[in-house]
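Trainee: For reference, the sequence and a predicted model appear below.
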Amino acid sequence: MNLKPLADRVIVKPSPAEEKTKGGLYIPDTGKEKPQHGEVVAVGPGKTADSGSLVAPEVSVGQKVLYGKYSGTEVTVEGEEYLIMRESDIFAIIG
């Protein structure tokens, strides 16, 4: 991937949407919900504080994260879909 996020931005590869329910029923494309979790693939250098110092990001590449349903901006790079979002849009690190 040829993207490098700036400041406190993070690039996340969303997990694929569920294909079927726990009961075994298949979900049509129109009924699938957007995933709210994914894997961090790139992290910016951090946010600049009011004092001028750099605040390092808390997430790192490879971590699984939980984010808001409509967080970030969807982009497609080399046929793969990614989300670019601020680190503050991430709610939690999974695992």
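Mentor: Cool, got the structure.
Trainee: List the residues that contact the residue nearest the centre of the chain.
Mentor: With distances taken as C-alpha atoms, centre = their mean, residue 12 lies nearest the centre of the chain, 3.0 Å away. By C-beta atoms under 8 Å, 6 or more residues apart in numbering, residue 12 lies in contact with 38, 39, 40, 41, 65, 67, 72, 82, 83, 84, 85, 90. All C-beta spots, glycine's among them, are computed from the backbone N, C-alpha and C.
Trainee: Confirm for me that the second one is in contact with residue 63.
Mentor: Yes. Proximity of residue 39 to residue 63 meets the contact threshold set by C-beta atoms under 8 Å, at 7.2 Å.
Trainee: quick one: terminal-to-terminal distance for stretch 51-58?
Mentor: Stretch 51-58 has an end-to-end distance of 19 Å (C-alpha to C-alpha, to the nearest Å).
Trainee: what's the spacing between that stretch and its chain's center?
Mentor: The chain centre lies 21 Å from the centre of stretch 51-58; the measure is C-alpha atoms, centre = their mean, to the nearest Å.
Trainee: Any buried residues in that stretch, and which?
Mentor: Residues residue 57 are the ones in stretch 51-58 that count as buried (16 or more other C-beta atoms under 10 Å).
Trainee: Distance of residue 10 relative to residue 91?
Mentor: 12 Å (C-beta to C-beta, to the nearest Å).
Trainee: Between the two, which is the more surrounded one?
Mentor: Remark: of residue 10 and residue 91, residue 10 carries more neighbours, 26 against 13, as counted by other C-beta atoms under 10 Å.
Trainee: show me what contacts that one?
Mentor: Taking C-beta under 8 Å, 6+ apart, one finds 40, 42, 43, 44, 57, 59, 65, 84, 85, 86, 87, 90 in contact with residue 10.
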